[in-house]
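Asker: build the 3D model from these lines:
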Amino acid sequence: MEEEFDAWWEDAETLDVVKRFERMIESEGYVFLDSQEFETVVDYYLEINNPGKAQKAIDIGLSRFPWSGTLTMQKAQLLLREGKPEEALVCLTKVPSPESDSPEYAFLKGSSFADLRKFSEADRFFALALSRTDEDKTNLYHLISEAFSRNEEYRLALKYLHQALHYLPHIDPALLFDTAFIYDKLNQNRKAIYFYRKYLDKDPFSELAWFYLGIVYMRMSNFQKAVEAFDFVTAIDENYEVAYYNKGLAYANLKEYQKAIEAFNEFIELEGEQTDVLAAIGECYENLANFSKARDFYERALEHDPENPDAWYGLGVVALMEENFQASLRYLRSAIAMNKQEPVYWRTLGDALFQSDKLHEAVMAYEKSCELDPHDSKSWLGLAKAFQIQGKDIDMLNALEKSLVYNEEDAHLLYRAAAAFFQHKQFENGLQHLEKALKKNYQLLYLLYEYFPEADQYPVIENLVLKYSLKNL
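Answerer: Model (predicted):
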């Protein structure tokens with residue numbers, strides 16, 4: 001107890017009041033404390049996060065001083081901490097004047113409404129609290145932003161943070177961190193990075209800020225910067241296990257699979273084997289074409305969680321690469337049974353069915369994948385190929401046209417559609433698609449000749465190609 005006193009209070013008079021209260025509840029005797037002294041005791045216990053003793057002090061205090069507005073407000077504050085905003089509002093109706101005219105009272109009302117997600121009412125009372133405050137408003141701005149932030153009303157939280165930043169002559173690092181965090185939550189990545197960087201200028205050894213910065217870079221697909229941020233995290237705290245996991249994911253996205261495996265293994269050393277991490281290592285070995293090790297890690301992942309769909313999917317991919325189509329179909333169907341909403345599972349099932357000559361079922365799998373993710377060009381290409389092999393040319397053309405509704409800028413689909421229309425002597429449509437493809441990505445022109453080798457026999461096609469060849473010299 002003495003250490004707690006020293007940590008939070010240096011004022012001897014305050015220490016004396018708290019010790020007298022402690023003696024009173026230990027002896028169950030009567031010790032006189034006035035209302036202000038009870039308020040001091042409550043503040044102390046709230047500060048050191050001891051709600052039980054804070055509640056006891058409030059109860060005893062109000063039994064002796066039922067008219068105390070400050071003790072009543074402290075009771076409302078404790079109710080808010082306990083997640084009881086409606087009870088807090090009822091409690092606040094009992095606060096008399098002049099306390100009910102204070103900024104603290106208006107702030108507690110605003111906090112109660114914020115926790116009830118009645119944000120316009122909360123904003124009104126917070127504005128009232130600010131209008132009643134003549135001294136430095138920075139801390140109040142910050143507290144208001146936190147009330148909105150914890151209820152995921154990030155735009156209003158940001159409004160008050162910016163007011164605090166504008167109000168301060170010298171920037172408080174905590175405000176910078178919170179501003180960055182909220183921009184992070186709003187997916188305003190560049191602004192989040194700016195404020196995390198500003199914060200790190202003042203506190204370069206904050207592993208939490210480096211970690212969040214890495215997560216923002218991950219979201220922006222800037223995986224090299226993400227790795228650098230996570231490196232700082234683990235340099236500051238070598239036991240920050242989740243940083244190793246995310247570093248592994250970043251390396252995997254950079255196709256540096258061996259480094260990814262090393263990072264995942266660092267995570268395992270700290271946290272032990274976990275199904276998702278084992279599956280991620282399996283995927284790295286799969287991408288390194290080490291199918292034996294990939295299979296081993298996928299199977300280990302399933303030992304930890306037999307219902308891990310990614311591990312079943314990984315086994316399906318490995319079996320497909322090894323042309324073990326029967327096993328591949330079994331594994332992929334297991335993955336889909338556990339997660340029917342993952343489009344890549346359906347697309348890969350389509351690939352396995354196609355290679356098993358089960359074209360009708362392949363079409364259904366590709367169609368499901370296209371339905372779940374119409375922006376996945378590989379699914380549309382697979383569907384078009386399946387229709388073509390079945391001789392369903394109209395269905396193929398319709399599928400390619402539909403794919404471009406969702407992927408009008410996808411050069412591969414444009415070349416594929418152009419080739420299909422040329423094959424069916426629909427030259428006007430074919431030329432339109434070809435010109436779009438050439439404008440988008442001339443370097444993929446070879447795809448036209450892969451899909452339609454006879455293209456060089458048609459002057460109208462070659463003239464259009466020559467036009468863009470000259471532009472790309």
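
Asker: shouldn't residue 369 be in contact with residue 342?
Answerer: No: with contacts counted by C-beta atoms under 8 Å, residue 369 stays clear of residue 342, the gap being 9.2 Å. All C-beta spots, glycine's among them, are computed from the backbone N, C-alpha and C.

Asker: tell me which of these two has more neighbours.
Answerer: Ranked by neighbour count (other C-beta atoms under 10 Å), residue 369 and residue 342 place residue 369 first, with 26 against 18.

Asker: now that one: which helix or strand?
Answerer: helix 359-372 (DSSP states H and E).

Asker: got the buried residues for the very next helix or strand once past that helix?
Answerer: Later in the chain than helix 359-372, the nearest helix or strand by DSSP H and E is helix 377-389. Neighbour counts using 16 or more other C-beta atoms under 10 Å place 377, 378, 379, 380, 381, 382, 383, 384, 385, 386, 387, 388 of helix 377-389 among the buried residues.

Asker: could you find the closest non-adjacent residue to the second one?
Answerer: Going back to what we said before, that points to residue 378. In this structure, residue 378 finds its nearest non-sequential neighbour in residue 347, 6.1 Å apart by C-beta to C-beta, 6 or more residues apart in numbering.

Asker: let's see the helix or strand hosting residue 281 as CSV, backbone CA atoms only.
Answerer: Assigning secondary structure by DSSP H and E places residue 281 in helix 275-287. Provided in CSV are the C-alpha atoms of helix 275-287 (Å, rounded to 0.1, in the frame of the first residue of the first chain):
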residue,chain,number,x,y,z
THR,A,275,-2.7,-23.3,-36.4
ASP,A,276,-2.7,-20.1,-38.4
VAL,A,277,1.0,-19.7,-38.2
LEU,A,278,1.7,-23.3,-39.2
ALA,A,279,-0.6,-22.9,-42.2
ALA,A,280,1.2,-19.7,-43.1
ILE,A,281,4.6,-21.5,-43.0
GLY,A,282,3.0,-24.3,-45.1
GLU,A,283,2.0,-21.7,-47.7
CYS,A,284,5.6,-20.4,-47.8
TYR,A,285,6.9,-23.8,-48.5
GLU,A,286,4.2,-24.3,-51.1
ASN,A,287,5.4,-21.1,-52.9
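
Asker: and the contacts of that helix?
Answerer: Residues outside helix 275-287 that contact it (C-beta atoms under 8 Å, 6 or more residues apart in numbering): 245, 248-249, 252, 255, 257-258, 260-261, 264-265, 267-268, 291, 293-298, 300-302, 304-305, 308, 310-311, 314, 317-318, 321.

Asker: could you export the buried residues of helix 377-389 as TSV, including pLDDT and distance to residue 281?
Answerer: Formatted as TSV, the buried residues of helix 377-389 follow (pLDDT from 0 to 100; distance: C-beta to C-beta, whole Å):
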residue	pLDDT	distance to residue 281
377	97	29
378	97	25
379	98	27
380	98	32
381	98	30
382	98	28
383	98	32
384	97	35
385	97	32
386	98	33
387	97	38
388	96	38
